[in-house]
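fold the following, please.
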Amino acid sequence: MSAVFHRWFLSQKPVGASVADLETSMDPRLSWHKLKRYSFTWKSILHYTFMGAILLFVFIANPAAWIYKVLFYAIMGLFFFIPFTSQFFFHALPIWAWLGIYFTSSYFPAGKRPPITVKVLPAIETILYGDNLSDILATSTNKVFDIFAWIPYGICHFGAPFVVAIILFLFGPPTILQGYAFAFGYMNLIGVLIQICFPAAPPWYKILYNLDPANYSMHGSPGGLARIDKLLHISVYTKGFTNSSVIFGAFPSLHSGCATMEALFFSYCFPWLRPLFIFYVAWLWWATMYLTHHYFVDLMAGSVISFFIFQYTKYEHLPLVDTDLFCRWSYAEVKRYDVQSMNPLTEDDVESVPLQELEFSLDDLSDDDDNNSNKKNKNNRRFEPSELSI
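So this is what the prediction gives:
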């Protein structure tokens with residue numbers, strides 16, 4: 001196995017390049033020295049303050065015994081400080097924050113949570129698109145469609161983040177996995193926070209309860225995935241969605257958000273396969289509506305959130321991709337976007353110069369041109385014989 005790995009990957013490594021090397025040290029003192037040398041910016045301060053606030057809230061709100069919470073956070077801190085594990089765990093901080101708030105949200109007191117809306121999403125759906133697209137797609141069902149919808153929604157969605165991470169790590173430029181963890185975690189974290197603050201019933205609720213008021217004591221539903229459980233003689237999806245931590249989390253769709261984020265990162269690294277990734281997103285969109293788990297407006301919201309977070313991550317964290325290189329070990333150096341140099345309104349751009357200064361500069365330029373023209377005419381003037389001196 002090591003010979004195959006060396007032949008396929010390490011043989012591509014430029015001589016003397018170390019940018020793709022992994023940290024193998026287990027000494028926490030190295031992380032401590034690195035932390036002391038770290039130069040904080042206002043963006044990093046905002047990021048770590050937000051992450052700390054979320055994790056502190058989870059620590060207080062989660063009903064687990066204090067000893068277990070302290071032990072869990074201590075182990076996390078240890079993983080963050082050991083260099084070998086820190087390179088994977090530390091940059092996934094937004095993912096840990098998202099998972100913490102997601103699994104803790106089901107324990108929030110019902111009296112302190114926002115009321116659940118059951119009418120807003122179907123009304124928006126009708127206003128924007130003229131009808132309920134989920135109802136239309138779920139009208140005619142059969143086993144072939146069920147399987148075709150189950151593949152992206154019930155299988156790929158849960159395994160794709162890990163597959164994407166492995167592929168990006170191996171075949172993307174060094175440090176791109178850090179950017180993926182940042183973007184993927186923030187997208188899910190923001191999505192869950194919106195779902196908690198704006199709880200909304202999915203399409204399956206309308207099928208089961210019409211537009212009757214919902215409450216937090218209700219259980220979830222697997223929607224069309226119940227047919228998969230029946231077909232395969234299992235109860236995985238029925239149990240999972242019935243006891244979901246966020247039952248009324250239709251808006252935004254994190255299934256759509258995850259698929260879009262994965263497609264954006266893959267398109268960034270492998271642009272020649274972009275049509276395939278677009279097809280996957282469209283496939284999952286159809287599956288979520290066919291299985292009555294989301295309205296189309298939910299899907300659009302999830303994709304929009306992913307797009308904006310990806311764009312920020314692209315210019316702030318992602319390395320530039322060289323499509324001529326094979327894998328991470330093929331890179332001799334890591335280059336990033338220089339946002340300042342890409343700004344069309346830089347100091348050297350005429351558009352950024354105040355009008356008064358521009359007029360003054362043009363006047364000076366005109367005067368200089370006149371002087372140069374006079375000098376040129378004077379130098380090129382024909383001398384009469386009487387003007388020549390001997």
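
give me the low-pLDDT residue ranges for the protein?
Scanning the chain for pLDDT under 70 picks out the ranges 1, 341-390.

domains of it?
According to automatic domain parsing, the chain comprises the domains 22-107, 118-359.

what would those look like in a markdown table with mean neighbour count and distance to Phe9?
In short, each C-beta sits where N, CA and C put it, glycine included. Formatted as a markdown table, those follow (neighbours: other Cβ atoms under 10 Å; distance: least, Cβ to Cβ, whole Å):
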| stretch | mean neighbour count | distance to Phe9 |
| --- | --- | --- |
| domain 22-107 | 14 | 12 |
| domain 118-359 | 18 | 5 |
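
and Ala214, helix, strand or coil?
When classified by DSSP: H, G, I helix; E, B strand; the rest coil, Ala214 comes out as coil.

which residues touch the spatially closest residue to it that is not a sequence neighbour?
Nearest residue to Ala214, sequence neighbours excluded (Cβ to Cβ, 6 or more residues apart in numbering): Ile116, at 4.2 Å. By Cβ atoms under 8 Å, 6 or more residues apart in numbering, the contact list for Ile116 reads Pro199, Ala200, Ala201, Pro213, Ala214, Asn215, Tyr216, Phe248.

mind putting these into CSV with distance to Phe310?
Shown next, in CSV, are these (distance: Cβ to Cβ, whole Å):
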residue, distance to Phe310
Pro199, 26
Ala200, 24
Ala201, 29
Pro213, 37
Ala214, 33
Asn215, 36
Tyr216, 33
Phe248, 27
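
and of the residues you listed, the nearest to Thr104?
Closest approach between the contacts of Ile116 and Thr104, by Cβ to Cβ: Tyr216, at 14.4 Å.

from what I can see the closest one touches Ala110, true?
Yes: between Tyr216 and Ala110 there is a contact under Cβ atoms under 8 Å: 4.1 Å.

which ones are touching the residue nearest the centre of the chain?
In the chain, the residue lying closest to the centroid (Cα atoms, centre = their mean) is Ala183, at 2.9 Å. By Cβ under 8 Å, 6+ apart, the residues touching Ala183 are Met261, Phe265, Ser306, Ile309, Phe310, Thr313, His317.

chain center to the helix or strand in which Phe169 is found, what's the gap?
Element membership for Phe169 (DSSP states H and E) is helix 157-171. A distance of 14 Å separates the centroid of the chain from that of helix 157-171, by Cα atoms, centre = their mean, to the nearest Å.

packing partners for it?
Counting contacts by 3 or more Cβ pairs under 8 Å, 6 or more residues apart in numbering; DSSP states H and E, helix 157-171 packs against helix 176-197, helix 254-269.

give me the angle between the longest one and helix 157-171.
Interaxial angle, helix 176-197 versus helix 157-171 (axes from the mean of the first three to the mean of the last three Cα atoms, to 10 degrees): 160 degrees.

now do helix 176-197 and helix 254-269, the angle between them.
160 degrees.

need the next SSE after helix 176-197, C-terminal direction.
Taking DSSP H and E, what comes next after helix 176-197 is helix 203-209.

and Pro271, how far from Asp322?
Look at Pro271 and Asp322: by Cβ to Cβ, to the nearest Å, they are 12 Å apart.

for Leu232, same thing?
Relative to Asp322, and taking Cβ to Cβ, Leu232 is found at 44 Å.

circling back to that earlier point, Val4: which of the domains of the chain is closest?
When these are compared for distance to Val4 using Cβ to Cβ, the nearest one is domain 118-359, at 13.0 Å.

apart from its chain neighbours, what residue comes closest to Leu189?
Trp98 (4.0 Å).

what lies in contact with the host helix or strand of that neighbour?
Under the criterion of DSSP H and E, Trp98 resides in helix 93-104. Contact with helix 93-104 is made by 51, 54-55, 57-58, 61-62, 76, 89, 181-182, 184-186, 188-189, 192-193, 196, 245-246, as judged by Cβ under 8 Å, 6+ apart.

what about 7 Å?
Here helix 93-104 makes contact (Cβ atoms under 7 Å, 6 or more residues apart in numbering) with 51, 54-55, 58, 61-62, 181-182, 184-186, 188-189, 192, 245-246.

Tyr290 is in contact with Ala149, correct?
Yes: if you go by Cβ atoms under 7 Å, Ala149 and Tyr290 touch, sitting 4.7 Å apart.

mind listing the shared neighbours of those two?
Contacts common to Ala149 and Tyr290, judged by Cβ under 7 Å, 6+ apart, are Gly224.

looking at the domains of the chain, spot the one closest to Trp8.
That would be domain 118-359 among the domains of the chain, by Cβ to Cβ, at 7.8 Å.

check contacts around the nearest residue to Pro174 once chain neighbours are set aside.
Computed as Cβ to Cβ, 6+ apart, the closest residue to Pro174 that is not its neighbour in sequence is Ala20, at 4.7 Å. For Ala20, the contacting residues are Pro174, Arg328, Trp329, Tyr331, by Cβ under 7 Å, 6+ apart.
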